[in-house]
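Engineer: sharing a model prediction with you, sequence too.
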Amino acid sequence: MILEDIMQKNVIAISPFEPIKYAIELMETNHIRHIPIIDNKQQIVGVISDRDIRDVRPSILHQNEHMEVLEQPIQTIMTTNVITGHPLDFVEEAAVIFFEHKIGCLPIEKDNKLVGIVTETDILYTLVQLTGAHQPSSHLEIRIPNHTGVLADVAIILKKYNINIGSVLVYPDQDEGYKKVVFRVQTMNPTKAVNELKANGYSIIWPMTQEFFHE
């Protein structure tokens, strides 16, 4: 999946010369936490977040004091070293960027112009969809040898019992000779398939015991 599929295209963006109070109004009215800052050529020159606003906004105990601060232009508090993405970047690559740089949004640009925005909420929701965790399903986790064809062999056993696979995730095991595979399967009782997997020598990590199965 690419960012173009999940990005918000109707982006609220403002000039760096607008006052800070205008950004506050936009955030509160539109229930957003980030606003890209663009010049007259639609090029990204900065980004502002609700955290930036909190840092300069007078506290509730002094909300009538120092109001002149909110009249200052956005450019005085915006982040200028902006990390951006491209519509054709992959979602999982963007997730790595969010994690490594601890950012809350990723403005999307094409031909040096702002065309969209992706937030951490967009990324999280997309990953939930990709894993199928939001749908009725069972969690099946298996430790398999790390060599060609094993994943297909497991899938054949699941197919034998008419178990549809919603998603598959593979992650490393402490032993490099193995992988851990997590299946989201669209059945509430994969007991027979689990028993056959065990009979074929596969190590079942989850479910740990049959008491987790329900008719």
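Structural biologist: Thanks, I have the structure now.
Engineer: so which strand or helix has the residue nearest to the spatial centre of the chain?
Structural biologist: Closest residue to the average C-alpha location of the chain: Ile123 at 2.2 Å, with CA atoms, centre = their mean. Per DSSP states H and E: Ile123 is located in helix 120-131.
Engineer: that helix - contacts with which helices or strands?
Structural biologist: Under the contact definition 3 or more CB pairs under 8 Å, 6 or more residues apart in numbering; DSSP states H and E, helix 120-131 sits against helix 91-101, strand 165-172. In this view, the C-beta of every residue, glycine as well, is placed from N, C-alpha and C.
Engineer: rank the ones you listed by pLDDT, which is bottom?
Structural biologist: Lowest mean pLDDT of the helices and strands packed on helix 120-131: strand 165-172, a mean of 91.
Engineer: buried set for it?
Structural biologist: Ile165, Gly166, Val168 (16 or more other CB atoms under 10 Å).
Engineer: and the closest residue to the last one other than its chain neighbours, how many neighbours?
Structural biologist: What sits nearest to Val168 in space, not counting adjacent residues and going by CB to CB, 6 or more residues apart in numbering, is Phe183, at 5.8 Å. Using other CB atoms under 10 Å as the criterion, Phe183 is surrounded by 24 other residues.
Engineer: got the buried residues for stretch 203-210?
Structural biologist: So for stretch 203-210, counting by 16+ other CB under 10 Å, buried means Pro207.
Engineer: apologies, that question was intended for stretch 145-160.
Structural biologist: Judged by neighbour count (16+ other CB under 10 Å), stretch 145-160 contains these buried residues: Pro145, Val150, Leu151, Val154, Ile157, Leu158.
Engineer: give the closest residue to the residue nearest to the centre of the chain in space, chain neighbours not counted.
Structural biologist: Ala95 (5.3 Å).
Engineer: could you give the mean pLDDT of the helix or strand where Asp52 lies?
Structural biologist: Following DSSP H and E, one finds Asp52 within helix 50-56. Helix 50-56 comes out with an average pLDDT of 89.
Engineer: do stretch 178-185 as well
Structural biologist: So the average pLDDT for stretch 178-185 ends up being 94.
Engineer: give me the residues contacting that stretch.
Structural biologist: Outside stretch 178-185, the residues within contact range by CB atoms under 8 Å, 6 or more residues apart in numbering are 131-133, 135, 137-146, 151, 154, 158, 163-173, 205.
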